[in-house]
Each structure stands twice: as C-alpha cells, then as structure tokens.
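Enquirer: pasting a predicted model and its sequence here:
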Amino acid sequence: MKKWTQGTLSLLLVSSVLVAGCSSRTGQAGGEAPKTEPPAKTEAAKPAPSTGGAKSKLSVYSTVNDPPVQTIYREIGEAFKKENPDIDVELQFPGTEYENLLKVKMAANDLPDVFDTHGWAQIRYGKYLADLRGEAWASQMTDTIKNVVTDKDGKVYALVISEAKDGIVYNADLLKQYSIQPPKTYDELMAAAEKIKTESKGDVTPFYFSGIDNWMIGSYLDIFSTSAFISAPKNDAEALMNNTFDWNKWADLSQKLLDLQKKGYLNKDALTAKYSDMPKLFANGKVAFALSGPSFADEVSKVNTNLKMGYIPVPSMVAGDTPNFSGGERNTMGIFKDTKRMEESKKLVAFFAKKENMTKIANSTKLPPGLKGIEANHNFSAFYKEFENIRVFPYFDRVYLPNGMWDVMCKQGTELLADRITPQQFAQNMKQEVERLRKK
C-alpha cells in the first residue's frame, strides 16, 4: 500500500489487480501511443474561496487497475483540488479486495462517499445509492448505457465513466506473420491457436491466463457462456432463469477451457502467472490473444510503440450464430445515499463528467464513454466503429447467475486447470451453488 500525499490532496493507491467480471473486467491497445485531443479552450474556472475552516474529506473507491488509467484519475483529482481547495479527496484502488471491502461496508452501512458500482449499480448497490437524475450530466448518458443505470421510476444510480464492450484483443503483427484472419467462430479461434503454437514451435503462447488473478479465467467462462448459451436464436436463457438449465452443457464449456491447457494454448505458468506480466509479453510478441479488454494498451506501447493490435467481438460457438460483445457498466461513480458530504460528492462526480475529463479517461481505457458527445481518439476507435452494429449482451453472470457466483466461477475454473476437479465436477458444483444462492 502506497500513500500519495500532495498538498491538501491525499491520494491512496493500493497496488493490486482489478476485480474482473462482476467486479470489473479489464478491462476494461495498439501500435502508437494514443493521442489525446486537447479540450476546447474555455475560461479558466476560478478556485472556490477558502473558508479557512476544516476541509471536507471525500472517500472515493475505484476498481480501475491499469496504472495509466489510475494516473489519469489522479490528475483529474489534482485538478479538482485546485478548483475546490476546501475539499480533500482520498482516492483508493483496492484491487482484488474491492468486493470484499464493499460487502463489509454495506453490512455496516458505511460505504465510501463515492464508489465504483462495477456492474451492480441496481442489483447489488441500488438501495445504498443516491438518486442522481437531477445532475446535468444525467441527460447526456448514451443510449446503450442509460437503461443499465436507470430504473423504471427514473432513478439514476451512477455516472458511467466507461462502458464495457468486451471482446478479444489480438496481436495484429502475429496474425499477419502467420497468415491468420481475425477469427469469427470458436473453431477458427482454436485453429489460429494451433497454427501459432505449431509454427512458432511453442515460442508464442496463443492465450495468457493467471490463476493468481483468476478473474482472467472467469472472464473466459463468462464471455463464452454468452456465445454457448445465450446469443444463438435457440438458446438456454429461459432455462437458466427458471432453474431448468442442463448443467451438463457447462461441463462441455469447462472441457473447452481445459483443452486450452491440454493442447498447449495457454502459458505453462497459468496457475502462478500474474496479469501484470502480460503487457510486456504481449508487446514482445509472446502472446497472441488477450481476453482482458484493451485498457492494457498503454502498458504495451511503453514496451513496443510499433506493435499493431486489433480487437474483435467474442467468436460464436453455435453453428449459424454470429459474434457478440459482452457489456454493461465498467467504471462508474455512484454516491452513497447516507454520505454526510452529498454536495461535495456531487461536485466531484460532475467534475469527472466534464467533457475533457471523460475524453482523457476514454483515451486511456480504450473503452466507450458513458456520455454522449465524447470524441475519443485512440487506436481502438476504428474497431468500435467497425463493429458498432454487433450485438452487445449483458455479462452472463450478472443476468443468469445469482449474486455470488462470479467468485465461484473464477475459483472453480482455477481448480479445473489445477487438475483438482473434472469438468463434470465443475458443472455439478456450479449447479449446487446456483441452487443454494437462489434460496437465500
């Protein structure tokens, strides 16, 4: 844990890894470092006059993991401080402990003043959040995210800074080197993995997973669950919702995950590797595909500014189906309804919602912003344009599994790769946990 203290602004950073999936997927790349367009010139805001009294101290929690994005958050915090010298801000990035910390705080009804809802604004945190429908930025929400954080009565639960649109990042230079077209189906993806492994003589790993940061394993299961069970015209959505799903199908998906390891498509140290090591390996041409979202692109560019990267939707698994994206909330800012610093909290959220700040964050995360009129300019912009008509499904676990199953899925997936359970046992464990949690 490192404490950053600059003047009256206290910024606390806990170095760790982003909680993925229901917590936050990394999320949330490409050749040249992204160029951020300078914001239009406006009259400089005058700092609020100091009252000379005690400062208001805001506690802010975020699931942002990637260092470049954290830096942008800190820079915005510094700018907020200059305009509001009577408000102190404690910005925290708890990493993998985020969910557990907030569960403890929910139980005590003592949440941070401002916190990231990481995909659960309504379902998990709804009763703890203030209604932000009256904020100026609320009318600017994009059509794709508005209904996600707005209920039937019109309550707005959070500012969505970054929308999730999860697919697969690929090393475009490697695919060109091995004459591989970006895969559209799972079979094509596996054929590409085999070709890369064979022709590189094992020097290139098709996929990179981490058992320590096991959200990477959970992300594979989550996005491909949509392709396997939801996106096809004939699907299992209803069966999953009414608890009549045939869990033998989960065993089939588990077997596909296990096959990645058995066929040599995963890094050999998958159980002990760390997510933080992936950007360098990707930059050096040692990894072909990443299921972690594009926000690690700046870390790649620091190592190899000339590397070309691409982005594709999640390949289809069912014959006759088409690719899809998994999405929803990624990074947000909601306000604790019982905060003693409501006006200060609203002021901070509104500051992050400014066009120039949303643009900076979008260019850093490489993710679509949650507000209209934000013109991001980075090396993934063209891919979002190319695939703008591809279907976006909510994250599988957020709709079709009860709260608490993300952790089960991540841990059981790790157990599978550690050869401590079979695909059939994985499926049975999922069934039992789903039934148990739904009875709560």
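Expert: The structure has been received and is ready for your questions.
Enquirer: what is the longest strand of the chain by residue count?
Expert: When every strand of the chain is counted residue by residue (DSSP state E), the longest turns out to be strand 325-335.
Enquirer: so for the host helix or strand of Leu258, mean pLDDT?
Expert: Counting by DSSP states H and E, the element that carries Leu258 is helix 248-262. Regarding helix 248-262, the rounded mean pLDDT is 98.
Enquirer: so after it, what's the next helix or strand?
Expert: Past helix 248-262, further along toward the C-terminus, the next helix or strand under DSSP H and E is helix 278-283.
Enquirer: rewinding a little: now the following helix or strand past the longest strand of the chain: mean pLDDT?
Expert: Along the chain past strand 325-335, the next helix or strand (assigned with DSSP H and E) turns out to be helix 342-352. Averaging pLDDT along helix 342-352 gives 98.
Enquirer: how about residues contacting helix 342-352?
Expert: The contact list for helix 342-352, computed with CB atoms under 8 Å, 6 or more residues apart in numbering, reads 56, 58, 60, 76, 79-80, 83-84, 87, 89, 113-114, 130, 132, 135-137, 159, 161, 333, 335-336, 339, 357-358, 361. The C-beta positions use only the backbone N, C-alpha and C, and glycine is treated the same way.
Enquirer: now the buried members of those.
Expert: Among these, those scoring as buried are 56, 58, 60, 76, 80, 84, 87, 89, 113-114, 130, 132, 135, 137, 159, 161, 333, 335-336, 339, 357-358, 361 (criterion: 16 or more other CB atoms under 10 Å).
Enquirer: show me how the record splits the chain into domains.
Expert: Taking automatic domain parsing as the criterion, the chain consists of the domains 2-165+328-389, 170-326+395-438.
Enquirer: where among these is the average confidence lowest?
Expert: Looking across those, the weakest by mean pLDDT turns out to be domain 2-165+328-389, at a mean of 81.
Enquirer: ranges for the strands of the protein?
Expert: According to DSSP E, the strands that the chain contains are 2-6, 9-13, 56-61, 87-92, 114-115, 159-166, 168-171, 205-207, 287-290, 309-312, 325-335, 392-394.
Enquirer: want to throw the ones you listed into JSON lines with distance to Asp153?
Expert: Converted to JSON lines, these look like this (distance: least, CB to CB, whole Å):
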{"stretch": "strand 2-6", "distance to Asp153": "40"}
{"stretch": "strand 9-13", "distance to Asp153": "36"}
{"stretch": "strand 56-61", "distance to Asp153": "26"}
{"stretch": "strand 87-92", "distance to Asp153": "31"}
{"stretch": "strand 114-115", "distance to Asp153": "22"}
{"stretch": "strand 159-166", "distance to Asp153": "19"}
{"stretch": "strand 168-171", "distance to Asp153": "37"}
{"stretch": "strand 205-207", "distance to Asp153": "43"}
{"stretch": "strand 287-290", "distance to Asp153": "40"}
{"stretch": "strand 309-312", "distance to Asp153": "36"}
{"stretch": "strand 325-335", "distance to Asp153": "17"}
{"stretch": "strand 392-394", "distance to Asp153": "20"}
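Enquirer: so which of the ones you listed comes closest to Ser231?
Expert: For Ser231, the closest of the strands of the chain is strand 392-394, at 6.3 Å, according to CB to CB.
Enquirer: the closest one pairs with which strands, parallel or anti?
Expert: According to DSSP bridges, the neighbouring strands of strand 392-394, each with its direction, are strand 325-335 (parallel).
Enquirer: would you check how far apart Tyr384 and Asn235 are?
Expert: Between Tyr384 and Asn235 the computed distance is 26 Å (CB to CB, to the nearest Å).
Enquirer: settle it for me: which of the two has more neighbours?
Expert: Between Tyr384 and Asn235, Tyr384 has the larger neighbour count (other CB atoms under 10 Å), namely 19 against 15.
Enquirer: thanks again, I'm all set now.
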